[in-house]
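Student: Need a 3D model of the following:
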Amino acid sequence: MPQGRNQERKILSKTKAEEQLAVLQKTYAGFQQEYQRLSERTMALQVLQEMTLKLTSELNLQTLLENILDSAIKVVGSVAGSLLLLDNFNDELVFKVVLGGGGETLEGQSMPKDKGIAGWVLKTREPLIVDDVSQDERFYEGFQSSDFHTANIICVPLVARGDIIGVLQVLNKSSGEQFIREDMELLMTFAAQSATAIENARLVQELREERDRIVALEEDVRKRLARDLHDGPTQLLAAIRMGLEFSRKLLAHDMTPQVDQELAELYAIADRALKQTRTLLFDLRPAVLETQGLVPALEFYAQQIQQTEDFSIVLKTGGFDRRLASRTEKEIFSVVREALSNIKKHAKAREVWIILEVDEERLTITVRDNGRGFDTTKLDPAKGKEGSLGMINMHERAQMIGGRLSVTSEPGQGTSVTLNVPLEQNAVE
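Tutor: Alright, predicted model coming up:
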């Protein structure tokens, strides 16, 4: 009997030891999983730290966007991803960078800003994990590739200085597991730093573009001035020089009556050269604009052009006689001047009208001619088609004062350039 009990105790002891071993093995396995998770998270944080350092030094916007998405994919261990930026002008989200899944052909394409999971994140500014996109009605299949199946997704907003500028999304975890909240939090931290870097790179790009635009405008002004001097006063001065030489020969042959006639003609040429020179000087610095305001400057400019050009010009001020902010008057005058310059160069017009109309909210300035016109469908001021640097300049000047510029024209029907300027924000301070 005692022997049976001893045997029973041994069996119970062995069973208990096995249970304890199983618990220890399970605990050890749990520790291993936690260690693996912490190792992966530490590695992700190292990648995040390294990328943060790169973000501050990379100022090329496209390279920066590519680096951001590549690092985001590595940080959370996903298969693919995309970075979309908001196009405020067209109310669209644009695929700026796409990596993995064969979706690179999406780059440059756009989608409505209120569509899909990306649209929801953009609207709410909230990050989102979707474990099964096929069960989520927000998933937008408009760009789903037949060669790549999206199973799950993390999408986070890109917010810089309080403004939403786009979204960052990663697709399908490479391990086959679901994304977890820690993945989303890590991506949110990374997105916050990335958004600031994107805005900085955008600012640098805009400054470079503005510098290039100013250089191009300065070159255009120099070319225009050289052309106007060559075609105007220079030709007239050459005629005066030839006339004086001819008069000297007449005097040498004692042909006084003919000299008097030649001098009268030379006086008329010199008078014309003086008027053209004054017009050029006025173009460079319209002093009347600074001292007396927009309407007197337009009146003086119209008189100068009337004396030197082949077309007639009519100015209708509509009773507008108030001063605006100095910068606003300069931009309006520059738009009118550019429009008249285009008429002189291209329109072959016989009549030109400058019309000012005013109501309680806005001032409208229209420059219209009866020249040959053109096809406006070929005009794209945003891209500079038709070689119209002047047209781009007019649109930009309008935007700087909160205005809007429109151009209407048809071949053989003349052209109208209309500038609408809000009065309240452009009043004299």
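
Student: Pretty sure S71 sits against Q193.
Tutor: No: using C-beta atoms under 8 Å, S71 is not in contact with Q193, being 10.3 Å away. For every residue, glycine as well, the C-beta is placed using N, CA and C.

Student: mind listing the helices in the chain by residue range?
Tutor: 2-57, 61-76, 116-124, 181-229, 235-252, 256-284, 287-292, 294-308, 326-342, 389-400 (DSSP state H).

Student: same for the second one, what does it pack against?
Tutor: By that I understand helix 61-76. helix 2-57, strand 78-87, strand 92-99, strand 163-173, helix 181-229 (3 or more C-beta pairs under 8 Å, 6 or more residues apart in numbering; DSSP states H and E).

Student: And the second one, what does it pack against?
Tutor: Right, strand 78-87. Secondary elements touching strand 78-87 (3+ C-beta pairs under 8 Å, 6+ apart): helix 61-76, strand 92-99, strand 153-160, strand 163-173.

Student: Please identify which of those is closest to R362.
Tutor: strand 163-173 (27.6 Å; C-beta to C-beta).

Student: The closest one pairs with which strands?
Tutor: strand 78-87 (antiparallel), strand 153-160 (antiparallel) (DSSP bridges).

Student: Dump those into a markdown table; add mean neighbour count and mean pLDDT as well.
Tutor: Listed next are those as a markdown table, based on neighbours: other C-beta atoms under 10 Å; pLDDT from 0 to 100:
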| stretch | mean neighbour count | mean pLDDT |
| --- | --- | --- |
| strand 78-87 | 23 | 92 |
| strand 153-160 | 24 | 93 |
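
Student: Compare S71 and Q193 and say which is more crowded by neighbours.
Tutor: S71 (20 against 15; other C-beta atoms under 10 Å).

Student: From G116, how far off is the more buried one?
Tutor: Distance of S71 to G116, computed by C-beta to C-beta, to the nearest Å: 23 Å.

Student: what is the mean pLDDT for stretch 334-347?
Tutor: Average pLDDT, stretch 334-347: 88.

Student: rewinding a little: which of the helices and strands packed on helix 61-76 comes out lowest on mean pLDDT?
Tutor: helix 2-57 (a mean of 64).

Student: Would you map out the domains in the chain?
Tutor: 35-201, 290-429 (automatic domain parsing).

Student: A238 is nearest to which of the ones you listed?
Tutor: Comparing the domains of the chain by C-beta to C-beta, domain 290-429 comes nearest, at 17.1 Å.

Student: Now find how far off-centre the closest one is within its chain.
Tutor: 23 Å (C-alpha atoms, centre = their mean, to the nearest Å).

Student: Stretch 258-266 too?
Tutor: 58 Å.

Student: i'd like the first residue to be 442 from this point on
Tutor: With the count now opening at 442, the last piece we talked about shows up as stretch 699-707.

Student: sorry, back to before: pipe the helices and strands packed on strand 519-528 into a markdown table and attach distance to D669 per row.
Tutor: Output for these, formatted as a markdown table (distance: least, C-beta to C-beta, whole Å):
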| stretch | distance to D669 |
| --- | --- |
| helix 502-517 | 39 |
| strand 533-540 | 42 |
| strand 594-601 | 45 |
| strand 604-614 | 44 |
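
Student: Out of those, flag the one nearest G812.
Tutor: strand 533-540 (37.1 Å).

Student: Output the contacting helices and strands for that closest one.
Tutor: Strand 533-540 packs on helix 502-517, strand 519-528, strand 551-553, helix 557-565, strand 604-614, going by 3+ C-beta pairs under 8 Å, 6+ apart.

Student: Now that we have those, can you turn them into CSV and tack on distance to T456?
Tutor: Compiled in CSV, the helices and strands packed on strand 533-540 are given as follows (distance: least, C-beta to C-beta, whole Å):
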stretch, distance to T456
helix 502-517, 44
strand 519-528, 46
strand 551-553, 63
helix 557-565, 53
strand 604-614, 41
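
Student: of the strands paired with strand 604-614, which approaches E706 most closely?
Tutor: strand 519-528 (61.7 Å).

Student: quick revisit: among the strands paired with strand 604-614, which is nearest K614?
Tutor: strand 519-528 (5.7 Å).

Student: Which residues are in contact with the nearest residue to W561 once chain neighbours are set aside?
Tutor: Excluding the flanking residues, the one nearest W561 by C-beta to C-beta, 6 or more residues apart in numbering is R579, at 5.1 Å. Counting by C-beta atoms under 8 Å, 6 or more residues apart in numbering, R579 makes contact with G557, I558, G560, W561, V571.

Student: mind checking how far R579 is from K614?
Tutor: 20 Å.

Student: and the nearest residue to P852 once chain neighbours are set aside, how many residues sit next to it?
Tutor: Closest residue to P852 apart from its sequence neighbours, by C-beta to C-beta, 6+ apart: G814 at 5.1 Å. Number of residues near G814 (other C-beta under 10 Å) recorded here: 19.

Student: just T805 next, same as before
Tutor: T805: 17 neighbours (other C-beta under 10 Å).

Student: on that earlier part again, okay, the contacts of R579 in JSON lines with pLDDT next?
Tutor: Converted to JSON lines, the contacts of R579 look like this (pLDDT from 0 to 100):
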{"residue": "G557", "pLDDT": "90"}
{"residue": "I558", "pLDDT": "92"}
{"residue": "G560", "pLDDT": "92"}
{"residue": "W561", "pLDDT": "93"}
{"residue": "V571", "pLDDT": "91"}
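
Student: Would you tell me which one of these comes nearest to R764?
Tutor: Nearest to R764 among those, with distances taken as C-beta to C-beta, is G560, at 46.4 Å.

Student: Surely the closest one is in contact with P553?
Tutor: Yes: at 6.8 Å, G560 and P553 qualify as touching, with contact defined as C-beta under 8 Å.

Student: neighbour count winner among these two?
Tutor: Higher neighbour count among G560 and P553: G560, with 19 against 13, using other C-beta under 10 Å.

Student: In contact with the residue lying closest to the more buried one once chain neighbours are set aside, which residues are there?
Tutor: Excluding the flanking residues, the one nearest G560 by C-beta to C-beta, 6+ apart is K554, at 5.7 Å. By C-beta under 8 Å, 6+ apart, the contact set of K554 is L527, D532, E533, L534, G560, L563, K564.

Student: on that earlier part again, what sits in contact with each of G560 and P553?
Tutor: L534.

Student: Name only those of the contacts of K554 that count as buried.
Tutor: Buried subset of the contacts of K554 (neighbour count, 16 or more other C-beta atoms under 10 Å): L527, E533, L534, G560, L563.
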